[in-house]
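[1] using only what follows, build the 3D model:
(4 chains)
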There are 4 protein chains.
Amino acid sequence: MNLKNIDKFMIAGPCSIESFEQLLSTARHVKSCGANILRGGAYKPRTSPVSFQGLREEGLKILKEVKEIVNLPVITELMDPRDLKKVYDVADIIQIGSRNMQNFTLLKEVGMQDKPVMLKRGISATIKEWIGASEYISNEGNKNIIMCERGIRTYNDYTRNTLDLAAVPIIKSKTDYKVIVDPSHGTGLRELILPMTKASFALDADGVMIEVHPNPKEALSDGDQSLDFKQFEFLMKNLNEAKFI
Amino acid sequence: MNLKNIDKFMIAGPCSIESFEQLLSTARHVKSCGANILRGGAYKPRTSPVSFQGLREEGLKILKEVKEIVNLPVITELMDPRDLKKVYDVADIIQIGSRNMQNFTLLKEVGMQDKPVMLKRGISATIKEWIGASEYISNEGNKNIIMCERGIRTYNDYTRNTLDLAAVPIIKSKTDYKVIVDPSHGTGLRELILPMTKASFALDADGVMIEVHPNPKEALSDGDQSLDFKQFEFLMKNLNEAKFI
Amino acid sequence: MNLKNIDKFMIAGPCSIESFEQLLSTARHVKSCGANILRGGAYKPRTSPVSFQGLREEGLKILKEVKEIVNLPVITELMDPRDLKKVYDVADIIQIGSRNMQNFTLLKEVGMQDKPVMLKRGISATIKEWIGASEYISNEGNKNIIMCERGIRTYNDYTRNTLDLAAVPIIKSKTDYKVIVDPSHGTGLRELILPMTKASFALDADGVMIEVHPNPKEALSDGDQSLDFKQFEFLMKNLNEAKFI
Amino acid sequence: MNLKNIDKFMIAGPCSIESFEQLLSTARHVKSCGANILRGGAYKPRTSPVSFQGLREEGLKILKEVKEIVNLPVITELMDPRDLKKVYDVADIIQIGSRNMQNFTLLKEVGMQDKPVMLKRGISATIKEWIGASEYISNEGNKNIIMCERGIRTYNDYTRNTLDLAAVPIIKSKTDYKVIVDPSHGTGLRELILPMTKASFALDADGVMIEVHPNPKEALSDGDQSLDFKQFEFLMKNLNEAKFI
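    Purely as a prediction, here's the structure:
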């Protein structure tokens, strides 16, 4: 996948892959609404080792099947360098999560392979540290990088994180990378996803990544910040009407 | 001034009033570009008592003269309840600055008079604290309030503050007040003012407040974040073309 | 009161003055345990205008009576310059609260009178801003200042605030002022008050300010962080045994 | 090494191993002053891939030689699971750095081996996340854990980080682990190391980790926060006199 060929990254899908049916129905729906990349986590980083850790290899298998049926490129997270081959086999874009933004081992590994990498900003990373992390990837040869602003940790507890939208024009002025925004993690509140997506596009972001789930109330992770199918349809329609996408 | 009658607050002018000529030339320029309110500080809150504290009464006098010549409503900051009459005499909107967001004495005073009040968010205020502060004003009878997001203090040192744009839809959903954004203080960086203004309007902000100075390099305060005349003209043109105003 | 004459400021008492009986019993108890200054708030700064705002003038009257009966100097907060005479009449030390650290009007007023001032650090004040604020007082002539570290606002939500104990040696190296610590507000958790007090004294703090209430569960404000009489007795005994006081 | 047998962990040495002579002289000196564990980084996590990354395997070799000559247990950082055998071969305690606090792959690996692990707090980790991270280690069987408070990231830029000393009693009340403090990284300022060490011991910390370098001005990393030999000698003498160790 050549990132240059995509004008707007409309990435959508569930936080975690929970079942074949869940992912298939979500993939079909988001594609029909205009999403051009499917997200779905097989390996999930969680605060506690006893929380749901994702379906792991079973999740990757589901992701591969759904990808082929629906014909939509996919992005999924890599947490352990030893899983690279398995993830590479399925993913069109490899995601490095916030917690691993300075896992330099992992960064170098994805820098040595040829698929695009989406590097999420660390939860308290400075601009300098985030760009430094991207250089651990590009230094190994892979310059196909998407930077994803996903909110920073501040004293402000109304939202899950504080979306630092100024990072969009800053990173665009300092790098040649694509820059996207994750308003789902960035706010943690469903009702803020559409407005913050519009703000992102007003800032010339190259895309957004949005959590969509058939039934957010029953999601195994991040239900509060997931859109259901109707809400996602509404969002895409609204963005189209506003000519943001 | 009835706030309901204004669709978009395009507030522009210098951080500090420095001279009659400085304010007059700025007022004429920003009006010709489409600004509908002139800003200009006579009383300046400063970290150190030996820094420039504003022209004070002399500044208010200049503000009054310029306002009459140019025929533009003005906003200026009140810091001390004992200056209320003097400020009331000139201001169309009375500004309460960030440092005074929880100066409850001052809030009650401006709640008891009949001119609109712009309440800037405290530099580390939560949403609850900011709304609580507005209630100290409205409780006294004055419900003519503009809430101004002006950036919060975080670990992130690339920008002067971190503009918390999610506050715009949040405050609009929880109050009936007008909500505007100050991208000058919110970022501290001239080149971010236009993009963050566009993002603010994409979030349905009711306006912005922008620092403009004839010669930012020689400004007595906040030069780095002030636009010069050409830059402000470009910003207004750009916002018009994008149909944000 | 000459601050130089006091070696360790052991300030104790309720957050708010609630009744004559409450304050008298607390004053007698803390004095018997070795406290040398009584605290008690008559004017209380609160996020919402409909929360309990303190007994105000009635509270000052109680404070004066108790002070005379128990013969203990007192500290109480001034929020409004117009209340200065009333507060001056009772207080041995005038407290400026965190929310008013940059209420420059108030700072100048207490700088022009001759009683000692305790200046609490603003909730997100830098060292430079805190010292700058103290200069608004000293510039007017009053150099009898106590700086009080009371915790700063961070992402960390386990404690109410994050006590920045490094501020103690920093302020002591940069000023001639007394420096004390408020572990009650600084942590918000009763069980941390004793350890953080010991840490403060290990850093050569000049004292601490501790909330004590006859029945913390029924306190009108800050119950969770108040010690009951037995707990305060235990704390003082422990500090004595460790030779911290 | 059984952590239970050590009363106070006095860990000292250079941030990075730079040469055999540098490490040997430092090791001899800190041992003579009473340190009981030598620190020295062979693998260094750095913001940029072009900064000095440590001597790596050559550094481990030097560490092994010096350890045998001076007869002092050593602690060194592991960043990549693939280096575990090499690090295990030399280290008495394996350090997991702040940036890797949620590198769950790495945590599980050190959980499956039998040497003690020191887990530094992530730069913006909550108490819950830090304890969660420790459970990734203990869940695999290794309960020989030292938790190291090393400062959190806040708005406060006077110190490099804000040492959250309340974490010491909190972690001790919630776990059975040893808890130590790193005042060098926690403050970034040489003159604060001694006072913050004393405060740590007043809080019953189980030890401290202190950077010592023969010539801090020429250190390849963290020179500003390193003590020279005389300063470390003074610190140890002072702690002894105060009966903290």
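[2] when you work out contacts or count neighbours from here on, use the C-alpha atoms and nothing else.
    Will do.
[3] where do the strands of chain A begin and end?
    A:9-13, A:37-39, A:74-77, A:93-96, A:117-120, A:145-149, A:178-181, A:207-211 (DSSP state E).
[4] buried stuff in the shortest one?
    Yep, that's strand A:37-39 we're talking about. Within strand A:37-39, the residues scored as buried using 16 or more other CA atoms under 10 Å in any protein chain shown are A:37-39.
[5] quick revisit: tabulate the strands of chain A (a markdown table), appending mean pLDDT and distance to chain B.
    Shown next, in a markdown table, are those (pLDDT from 0 to 100; distance: least, CA to the nearest CA, whole Å):
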| stretch | mean pLDDT | distance to chain B |
| --- | --- | --- |
| strand A:9-13 | 98 | 18 |
| strand A:37-39 | 98 | 24 |
| strand A:74-77 | 98 | 26 |
| strand A:93-96 | 98 | 21 |
| strand A:117-120 | 98 | 16 |
| strand A:145-149 | 98 | 13 |
| strand A:178-181 | 98 | 13 |
| strand A:207-211 | 98 | 15 |
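[6] redo the ones you listed as a markdown table? Include distance to chain D.
    Shown next, in a markdown table, are the strands of chain A (distance: least, CA to the nearest CA, whole Å):
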| stretch | distance to chain D |
| --- | --- |
| strand A:9-13 | 24 |
| strand A:37-39 | 22 |
| strand A:74-77 | 13 |
| strand A:93-96 | 12 |
| strand A:117-120 | 15 |
| strand A:145-149 | 16 |
| strand A:178-181 | 20 |
| strand A:207-211 | 23 |
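[7] those strands: which one's closest to chain C?
    strand A:145-149 (18.4 Å; CA to the nearest CA).
[8] that closest one pairs with which strands?
    strand A:117-120 (parallel), strand A:178-181 (parallel) (DSSP bridges).
[9] could those strands go into a markdown table alongside mean neighbour count and distance to D:Ile94?
    Below are the strands paired with strand A:145-149 laid out as a markdown table (neighbours: other CA atoms under 10 Å in any protein chain shown; distance: least, CA to CA, whole Å):
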| stretch | mean neighbour count | distance to D:Ile94 |
| --- | --- | --- |
| strand A:117-120 | 26 | 28 |
| strand A:178-181 | 27 | 37 |
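[10] who are the contact partners of the residue nearest the centre of chain A?
    Closest to where the C-alpha atoms of chain A average out (CA atoms, centre = their mean) is A:Met209, at 4.9 Å. A:Met209 is in contact with A:9-12, A:39, A:180-184, counting by CA atoms under 8 Å, 6 or more residues apart in numbering or on different chains.
[11] is it in a bridge, and if so with what?
    What pairs with A:Met209, by the bridge criterion (DSSP bridges), is A:Ile11.
[12] ok, now A:Glu149?
    Applying DSSP bridges, one finds that A:Glu149 bridges with A:Val181.
[13] isn't it right up against A:Asp182?
    Yes. A:Glu149 is within contact range of A:Asp182, at 6.2 Å (criterion: CA atoms under 8 Å).
[14] residue contacts, A:Glu191?
    No contacts exist for A:Glu191 under CA under 8 Å, 6+ apart.
[15] from D:Thr162, how far out is it?
    34 Å (CA to CA, to the nearest Å).
[16] how many neighbouring residues does A:Ala202 have?
    Using other CA atoms under 10 Å in any protein chain shown, A:Ala202 has 20 other residues around it.
[17] how near is it to chain B?
    Taking CA to the nearest CA, to the nearest Å as the measure, A:Ala202 falls 5 Å from chain B.
[18] now that residue: closest residue in space that isn't a chain neighbour?
    The shortest distance from A:Ala202 to any non-neighbouring residue, by CA to CA, 6 or more residues apart in numbering or on different chains, is to B:Ala199 (5.1 Å).
[19] can you give me the neighbour number for that neighbour?
    Other residues near B:Ala199 come to 27 when the count uses other CA under 10 Å.
[20] which ones are touching it?
    A:198-203.
[21] among those residues, name the ones in helices.
    A:198-202 (DSSP state H).
[22] roughly how far does the residue in chain A that chain C sits nearest to sit from chain D?
    Nearest residue of chain A to chain C: A:Tyr155, at 4.2 Å (CA to the nearest CA). Going from A:Tyr155 to chain D by CA to the nearest CA gives 9 Å.
[23] can you tell me the closest non-neighbouring residue to that residue?
    In space, A:Tyr155 is closest to C:Tyr155, 4.2 Å off (CA to CA, 6+ apart).
[24] and the one you found, how far from C:Thr47?
    20 Å.
[25] residues touching the residue nearest to A:Gln22 when sequence neighbours are not counted, list them.
    Leaving aside its sequence neighbours, A:Gln22 sits nearest to A:Pro214 (CA to CA, 6+ apart; 6.8 Å). Residues in contact with A:Pro214 (CA under 8 Å, 6+ apart) are A:22, A:25-26, A:228-229.
[26] by neighbours, which of these wins?
    A:Thr26 (24 neighbours).
[27] interface residues of chain A facing chain D?
    When proximity is defined as CA under 8 Å from any CA of the partner chain, chain A approaches chain D at A:45, A:47-49, A:79-80, A:99-100, A:102-105, A:123-124, A:128-129, A:132-133, A:135-136, A:139, A:153.
[28] just these that are near chain B?
    A:Ser124.
[29] quick one: buried ones out of the residues of chain A next to chain D?
    A:45, A:47-49, A:79-80, A:99-100, A:102-105, A:123-124, A:129, A:132-133, A:135-136, A:153.
[30] restrict the residues you listed to those near chain C?
    Checking these against chain C (CA under 8 Å from any CA), the matches are A:Arg153.
[31] distance of A:Ile94 relative to B:Asn240?
    Counting by CA to CA, the gap from A:Ile94 to B:Asn240 is 40 Å.
[32] re the thing from before, out of the buried residues of strand A:37-39, the closest to A:Lys67 would be?
    Taking CA to CA as the measure, A:Lys67 lies nearest A:Leu38 of these, at 8.0 Å.
[33] quick check: that closest one touching A:Gly13?
    Yes. Contact criterion CA under 8 Å: A:Leu38 and A:Gly13 qualify, at 5.6 Å.
[34] what's the neighbour count on A:Glu241?
    A:Glu241: 10 neighbours (other CA under 10 Å).
[35] ok now do the spatially closest residue to A:Leu106 that is not a sequence neighbour, which residues does it touch?
    Closest residue in space to A:Leu106, ignoring its immediate chain neighbours: A:Pro81 at 5.6 Å, by CA to CA, 6+ apart. In this structure, A:Pro81 makes contact with A:105-106, A:109, judged by CA under 8 Å, 6+ apart.
[36] just checking, which of those belong to helices?
    A:105-106, A:109.
[37] kindly reformat the residues you listed as a markdown table containing pLDDT and distance to B:Ile17.
    Formatted as a markdown table, those follow (pLDDT from 0 to 100; distance: CA to CA, whole Å):
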| residue | pLDDT | distance to B:Ile17 |
| --- | --- | --- |
| A:Thr105 | 95 | 54 |
| A:Leu106 | 97 | 54 |
| A:Glu109 | 98 | 56 |
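[38] mind checking how far A:Ala199 is from A:Leu163?
    Taken as CA to CA, the span from A:Ala199 to A:Leu163 is 11 Å.
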